[in-house]
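Mind folding the following:
(4 chains)
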4 protein chains.
Amino acid sequence: MTRAKASLKKRCARIRLLLMDVDGVLTDGRIWLQSWPDGTAHEIKGFSAYDGAGLKLARVAGLRTGVITGRSSAAVTQRAKEAEIEFVFQGRGEKIPAYEEILRSAQVSDEAVAYIGDDLPDLPVLARVGLAIAVSNAVPEVKRAAHYVTKHEGGNGAAREVVELILKSQGKWTSVLKNARA
Amino acid sequence: MTRAKASLKKRCARIRLLLMDVDGVLTDGRIWLQSWPDGTAHEIKGFSAYDGAGLKLARVAGLRTGVITGRSSAAVTQRAKEAEIEFVFQGRGEKIPAYEEILRSAQVSDEAVAYIGDDLPDLPVLARVGLAIAVSNAVPEVKRAAHYVTKHEGGNGAAREVVELILKSQGKWTSVLKNARA
Amino acid sequence: MTRAKASLKKRCARIRLLLMDVDGVLTDGRIWLQSWPDGTAHEIKGFSAYDGAGLKLARVAGLRTGVITGRSSAAVTQRAKEAEIEFVFQGRGEKIPAYEEILRSAQVSDEAVAYIGDDLPDLPVLARVGLAIAVSNAVPEVKRAAHYVTKHEGGNGAAREVVELILKSQGKWTSVLKNARA
Amino acid sequence: MTRAKASLKKRCARIRLLLMDVDGVLTDGRIWLQSWPDGTAHEIKGFSAYDGAGLKLARVAGLRTGVITGRSSAAVTQRAKEAEIEFVFQGRGEKIPAYEEILRSAQVSDEAVAYIGDDLPDLPVLARVGLAIAVSNAVPEVKRAAHYVTKHEGGNGAAREVVELILKSQGKWTSVLKNARA
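Below is the predicted model:
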């Protein structure tokens, strides 16, 4: 094992809570808007079935999950429910206050937290957490701030990849698979 | 013909019923959600015109079809109708009971069934059927459990590819084409 | 100029009417369905701004346009209006009767017609027209039946490419560009 | 620095106002239409979270922004608000009159304006501005008329790329990043 891999494994071993941005992380960063006849516009977001299944497996395996996003929508509320995401903080342009609230509520410290981000507002959180992750479609500044860059794109398996990375590092993926086959 | 191809051809020759998962198989795995002004969110799924046409050709050629999915939506109900899918089982997180119900109803046994899957919940069914198929976008565990991995992606021609594979193996594709040209 | 190119140019020179399939030609073949709270599902189709602009330029340059599709939707009606498409025949699973109706109405014969298709139901029309075109995402049987296969995909510039191909062959593209720059 | 780069940098240094087309520039050029049960069709456009964030950063850094588009929709109105776009001119098939109105209102001259376009109707404006930009998905005629062609596609980071290009040329990007990290 290379030194970089050993260091990553050590970081993963401590994670108890996986936090994520939404746009560009649980979606591909597209903001779809439909014009309605009354002159209003209504947003559509595209999530991944693989991410959803992965986040549910995370919960079963004891890894807690949450999202912090600057925007706010019913779509995220419903998707969080479907994927059994525990902490859902929307409308938070500034992410650090929400981050600290979640840490207090979950009773964990920085090194037990992984965070997946893609753009500049994620930088302050990425600088704090034990495992800083950038999706493959993140801006260069975020990739440079990350311990790990995903192979999959946001909204297309990146969150699933991180769940597997952490659970495999913790030796919990085999029993997840055994359950799935039963 | 290689031994692997001969074995695949033999499996295809016995198929009378083609079953499929929906998300990631008849779609690309994206779960789209639109936020409505009343605070609810409404799902959109993207299907393929090629898959739809292929599934209709399957029925004409005497190959029965069905879907088993963990989610439930009006979109799947309508798309199944358009593609003339005979067995439609939605809201079935556990797939084996639905699978066995379909087998009893269709009066066929495991070796006469093909199943196309993409993620862990499909593993128990894939372990049973005569022809186990993974879409090209399936997770690695599902690909390893498959007799055949499609070239096309889910929601982008994978089901059509399987229909052609089976009908060609059974020598029925030529008459399908002759009809189309008439 | 190669013989194939000269033959294509000759076919293009005669075209007065450009007919098209819709799904897979003016769209990428995706059929999107949204589930509504009342249990119905409502379709979404994705068209290309480049195709729309190209079809409007065609009309200005005297090339008439039309669509023949097996499905039927308000989306196609509106898009046809926006792109100033003259002949709009929807709900026509069998395309030849609609095709012949358009020919009578437009007072043109087979060799003056170009048709763009992508799947088996397009084969009978492609066998008749003076210029048979397959989009790059067409099924192999349709590509084999075509005089020209587009570089662009359906719903992503294929129709625009054909408009330019015809207008350039007829020496009309330069004045189209001159108008655009004015 | 090559002569071309020096010339581009000089053009960027003068820019005070960034104008953009919408379809194909702030979107990927897809026009999505949903059929509603009352026979009407309602449009959906897909924007980029990266573009939105970039345009907000532009405003903070003192670069004014605007859009001129031939179509008209509530989606563009809302997205312009979210991205804090100052000048929003919709339903303008002919772009020069809208362009001149914005110049008078913003009190800037041609050489202080950058414009991002993708198709033929953008040519007259591109011929006037100090910095003419084509997205990577622009038609060839527009690319030939541009001082700069983006690496990113429209609706997928092209506007963000231009904001960074201008702000970096003006030495303002470092303080943007410093603010983001605070």
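
what's the helix or strand of chain A with the lowest mean pLDDT in contact with?
Across the helices and strands of chain A, mean confidence by mean pLDDT, DSSP states H and E is lowest for helix A:173-181: a mean of 90. Contacts with helix A:173-181, where a contact means Cβ atoms under 8 Å, 6 or more residues apart in numbering or on different chains, come from A:Leu57, A:Val60, A:Ala61, A:Glu164, A:Leu167, B:Leu120, B:Pro121, B:Leu123, B:Pro124, B:Ala127, B:Glu141. C-betas here are computed from N, CA, C, even on glycine.

Now the buried members of these.
The neighbour-count criterion (16 or more other Cβ atoms under 10 Å in any protein chain shown) marks A:Leu57, A:Ala61, A:Glu164, A:Leu167, B:Leu120, B:Pro121, B:Leu123, B:Pro124, B:Glu141 among the contacts of helix A:173-181 as buried.

can you redo these as a markdown table with pLDDT?
Listed next are the buried ones among the contacts of helix A:173-181 as a markdown table, based on pLDDT from 0 to 100:
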| residue | pLDDT |
| --- | --- |
| A:Leu57 | 96 |
| A:Ala61 | 96 |
| A:Glu164 | 98 |
| A:Leu167 | 98 |
| B:Leu120 | 97 |
| B:Pro121 | 96 |
| B:Leu123 | 97 |
| B:Pro124 | 97 |
| B:Glu141 | 96 |
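
tell me which of those residues is nearest to chain C?
Comparing the buried ones among the contacts of helix A:173-181 against chain C with Cβ to the nearest Cβ picks out B:Pro121 as the nearest, at 20.9 Å.

Could you spell out the sheet neighbours of the biggest strand by length in chain A, each with its direction?
Selection of the longest strand in chain A by residue count, based on DSSP state E, yields strand A:41-48. Paired neighbours of strand A:41-48 in the sheet (DSSP bridges): strand A:30-35 (antiparallel), strand B:30-35 (antiparallel).

What average pLDDT does the last one get?
Here the mean pLDDT over strand B:30-35 is 98, rounded to a whole number.

If we ignore the residues flanking it in sequence, what's nearest A:Ala61?
Spatial nearest neighbour of A:Ala61, chain neighbours left out: A:Lys172 (4.7 Å); criterion: Cβ to Cβ, 6 or more residues apart in numbering or on different chains.

Buried residues, stretch A:78-88. List them.
Neighbour-count burial for stretch A:78-88, counted by 16+ other Cβ under 10 Å, picks out A:Gln78, A:Arg79, A:Ala80, A:Glu82, A:Ala83, A:Ile85, A:Glu86, A:Phe87, A:Val88.

In strands only, show me those residues.
In strands, judged by DSSP E, the following of the buried residues of stretch A:78-88 are found: A:Phe87, A:Val88.

Serialize the buried residues of stretch A:78-88 to JSON lines and add fields for distance to B:Leu131.
Output for the buried residues of stretch A:78-88, formatted as JSON lines (distance: Cβ to Cβ, whole Å):
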{"residue": "A:Gln78", "distance to B:Leu131": "36"}
{"residue": "A:Arg79", "distance to B:Leu131": "34"}
{"residue": "A:Ala80", "distance to B:Leu131": "37"}
{"residue": "A:Glu82", "distance to B:Leu131": "31"}
{"residue": "A:Ala83", "distance to B:Leu131": "32"}
{"residue": "A:Ile85", "distance to B:Leu131": "37"}
{"residue": "A:Glu86", "distance to B:Leu131": "40"}
{"residue": "A:Phe87", "distance to B:Leu131": "43"}
{"residue": "A:Val88", "distance to B:Leu131": "42"}
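
Now for the residue nearest the centre of chain A: which residues touch it?
Central residue of chain A (Cα atoms, centre = their mean): A:Met20, 2.9 Å from the mean position. Neighbouring residues of A:Met20 by Cβ under 8 Å, 6+ apart: A:Leu26, A:Thr65, A:Gly66, A:Val67, A:Ile68, A:Tyr115, A:Ile116, A:Gly117, A:Ala159.

A:Pro121 too?
A:Pro121 sits next to A:Asp21, A:Gly70, A:Gly93, A:Glu94, A:Lys95, D:Ala53, D:Ala180 when contact means Cβ under 8 Å, 6+ apart.

what's the spacing between it and chain B?
Between A:Pro121 and chain B the distance is 21 Å, computed by Cβ to the nearest Cβ, to the nearest Å.

Up against chain D, what does chain A have?
Residues of chain A that fall close to chain D, judged by Cβ under 8 Å from any Cβ of the partner chain: A:23-24, A:29-37, A:39-41, A:44, A:119-121, A:123-124, A:127, A:139, A:141.

List only buried entries from the residues you listed.
So, by 16+ other Cβ under 10 Å, the buried ones in the residues of chain A next to chain D are A:23-24, A:29-36, A:41, A:44, A:119-121, A:123-124, A:139, A:141.

CA-only coordinates of the least confident helix or strand of chain A in CSV, if you can.
What follows is helix A:173-181, C-alpha atoms only, in CSV (Å, rounded to 0.1, in the frame of the first residue of the first chain):
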residue,chain,number,x,y,z
TRP,A,173,-18.9,-3.8,2.8
THR,A,174,-18.7,-7.6,2.8
SER,A,175,-21.6,-7.9,5.2
VAL,A,176,-23.6,-5.3,3.2
LEU,A,177,-23.2,-7.5,0.1
LYS,A,178,-24.1,-10.7,2.0
ASN,A,179,-27.3,-9.0,3.1
ALA,A,180,-28.1,-8.0,-0.5
ARG,A,181,-27.7,-11.5,-1.8
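
buried stuff in that helix?
So for helix A:173-181, counting by 16+ other Cβ under 10 Å, buried means A:Trp173, A:Val176, A:Ala180.

Also stretch A:2-17?
So, applying 16+ other Cβ under 10 Å, buried residues of stretch A:2-17: A:Leu8, A:Arg11, A:Cys12, A:Arg14, A:Ile15, A:Arg16, A:Leu17.

Does the last one have any beta-bridge partners, and if so which?
Read that as A:Leu17. For A:Leu17, the beta-bridge partners are A:Arg64, A:Val113 (DSSP bridges).

Please tell me how far it sits from A:Ile102.
Distance, A:Leu17 to A:Ile102, by Cβ to Cβ, to the nearest Å: 7 Å.

what residues are shared contacts of the two?
In contact with both A:Leu17 and A:Ile102: A:Gly66, using Cβ under 8 Å, 6+ apart.

Perfect, I'm done here.
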